[in-house]
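**Student:** Fold the following for me, if possible:
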Amino acid sequence: MDTILKVRDLEKFYKNKGSLTKAVNHISFDVQSGEYIGIMGASGSGKTTLLNCISTIDSATSGQIWVRGTDITVLDKRRLAKFRREELGFIFQDFNLLDTLNARENIALALAIKGERPGTVERKVQEVAADLGIADILDKYPYEMSGGQQQRVACARAVVTKPSLVLADEPTGALDSKSAGMLLESFRMMNEKKNATLLMVTHDAFTASHCKRILFIKDGRIFNELVKGSRSRKQFFDEIMQVVSYLGGGLSHAV
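**Tutor:** The predicted model follows:
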């Protein structure tokens, strides 16, 4: 199995009025091809900062991040832009769809930016839309869609280019329970049928229980790790809740 992501001794410091905050404190872990990993932690634990460093939204203070063997911490702006286009897919809590484009155009934009030949764009859009159950809304604009539909369009945009790694930051945070369930089913399909490698930050134990492995972050460090293995989702949820209870407040206990 290929190692898609390798994080080694990663640190991120913030300076504020003479004080120094270690948001990420000597974190190391690997992600293999086809894994579906959740990152959990209370507010301020460093989980989103970690994701931002991996996504190149923020830069690390020290340490290395390799994606498919490339150390992204040493890339210049031009090479970083190329790396984002070709290797990463992003799914955010607030969807980030362009209001002036319909669903088809929002998805196709990711292919156009990558330089895909026009003749193959429509086929790839139709294919990913069918997989995610949004083929019937391709001509709708974001304001005409439900939150769940917008998030599935965002998922389609993230995976249509077949990136090495899909990064999701609280993707169910703005959704009702029904829409969240549909989105998580889309993630399962992406992972199991398309072999997408997913790394998802979440504060919600129910959402996390759909993952195959969980990294718990506390005070900028990896506090614990759980692997689902052959356990049912309910059994995995119960085990996640035990760690959440030990960690204390700041994480969702919703079933």
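**Student:** helices and strands around the longest helix belonging to the chain, which ones?
**Tutor:** Looking across the chain with DSSP state H, the single longest helix is helix 177-193. On a contact count with 3 or more C-beta pairs under 8 Å, 6 or more residues apart in numbering; DSSP states H and E, helix 177-193 meets strand 36-40, helix 118-131, helix 147-159, strand 198-201. Bear in mind the C-beta positions are built from the backbone N, C-alpha and C, glycine included.
**Student:** For that helix, list every residue counted as buried.
**Tutor:** Neighbour-count burial for helix 177-193 flags 179, 180, 181, 182, 183, 184, 186, 187, 190, 191 (criterion: 16 or more other C-beta atoms under 10 Å).
**Student:** re earlier: out of the helices and strands packed on helix 177-193, which gets nearest to residue 231?
**Tutor:** Among these, the nearest to residue 231 by C-beta to C-beta is strand 36-40 (14.4 Å).
**Student:** and the residue sitting furthest away from the middle of the chain, how far is that from residue 44?
**Tutor:** Residue farthest from the centre of the chain, counting by C-alpha atoms, centre = their mean, is residue 18 at 33.2 Å. Counting by C-beta to C-beta, to the nearest Å, the separation of residue 18 from residue 44 is 20 Å.
**Student:** cool, residue 188 as well?
**Tutor:** In terms of C-beta to C-beta, residue 188 sits 30 Å off from residue 44.
**Student:** now do residue 109
**Tutor:** 34 Å.
**Student:** again, but for residue 127
**Tutor:** Residue 127 is 41 Å from residue 44, by C-beta to C-beta.
**Student:** Just put the helices and strands packed on helix 177-193 in TSV and tack on distance to residue 55, mean neighbour count and mean pLDDT.
**Tutor:** Below are the helices and strands packed on helix 177-193 laid out as TSV (distance: least, C-beta to C-beta, whole Å; neighbours: other C-beta atoms under 10 Å; pLDDT from 0 to 100):
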stretch	distance to residue 55	mean neighbour count	mean pLDDT
strand 36-40	12	25	97
helix 118-131	21	15	92
helix 147-159	12	24	93
strand 198-201	9	25	96
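**Student:** of all these, which lies closest to residue 69?
**Tutor:** Of those, nearest to residue 69 by C-beta to C-beta is strand 198-201, at 17.3 Å.
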